[in-house]
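# Here is my input, please return the structure:
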Amino acid sequence: MHISDGVLSLEVATVSTVVAFGFLYYSFKNLTNDKIALASAMSALFFVASFIHIPFGPTQIHLMLIGFIGLFLGSTAIFSISLALILQAFLLGFGGISSIGANIVIMGVASYFVFLLFKLDFLKRLNDKIKFFLVGFFGILISSLTLFILLFFSRQEYETIAYSILFINIPTMILEGLVTLFLFLYIKKTMPNLLKN
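Numbering: from 1, shown residues only. A predicted model of the protein is given here:
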């Protein structure tokens, strides 16, 4: 899901960077002292989860836990995921420097959108298992749709790739949904206080 340097057109990279920093500012404004420890832990979780690659046919898929982090942190998830993305780009060359803004929009902002989506009443009324699965599933779905839009508007030759991104990520959506489901069930059983809010 990470976009490398030189993939996006200058216009799309610029617009996505401006949008990303707008959301990052909003996220940072909402970061309170009591959320710093949890935001740091989630940042580390995202950083490590991105490196768990699972072979899938000719390619590999990896976890991101975007929905899981978004549901716990709300708008602060943008800051938390951005921190991990910046460290991955500068320390490991995972994703590009010029495309950090796009990667923040694809993963950080998508995480916040999952939080907003699950504020809707009809999703709150779902069975817990279905709801937990959908948190993970929608995280990757929103992220994939954002990646699709950025590639689609970058270059005409990316049009086919942009469509294929949506289909290639379906196994990741299902895997992320299942992992998120089991994570939430474990937390619900062992630390139910964390899920009260």
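
# Can you pull out the low-pLDDT segments for the protein?
Within the chain, the segments meeting pLDDT under 70 span 55-60, 197.

# residue boundaries of the helices in this structure?
For the chain, the helices defined by DSSP state H cover 10-29, 33-49, 66-73, 76-87, 100-103, 110-117, 121-124, 128-154, 159-168, 170-190.

# Quick one: list the elements packing against the longest one.
Under the contact criterion of 3 or more CB pairs under 8 Å, 6 or more residues apart in numbering; DSSP states H and E, the helices and strands touching helix 128-154 comprise helix 10-29, helix 66-73, helix 110-117, helix 121-124, helix 159-168, helix 170-190. (Each C-beta comes from the backbone N, C-alpha and C, glycine too.)

# Would you mind finding the most buried of those helices?
When you average the neighbours per residue for each of the helices and strands packed on helix 128-154 (mean count of other CB atoms under 10 Å), helix 66-73 leads with a mean of 29.

# Which strands and helices lie in contact with that helix?
Packing contacts for helix 66-73, counted by 3+ CB pairs under 8 Å, 6+ apart, involve helix 33-49, helix 76-87, helix 110-117, helix 128-154, helix 170-190.

# which one of these lies closest to G67?
helix 128-154 (2.9 Å; CB to CB).

# and the angle for that closest one with helix 66-73?
110 degrees (axes from the mean of the first three to the mean of the last three CA atoms, to 10 degrees).
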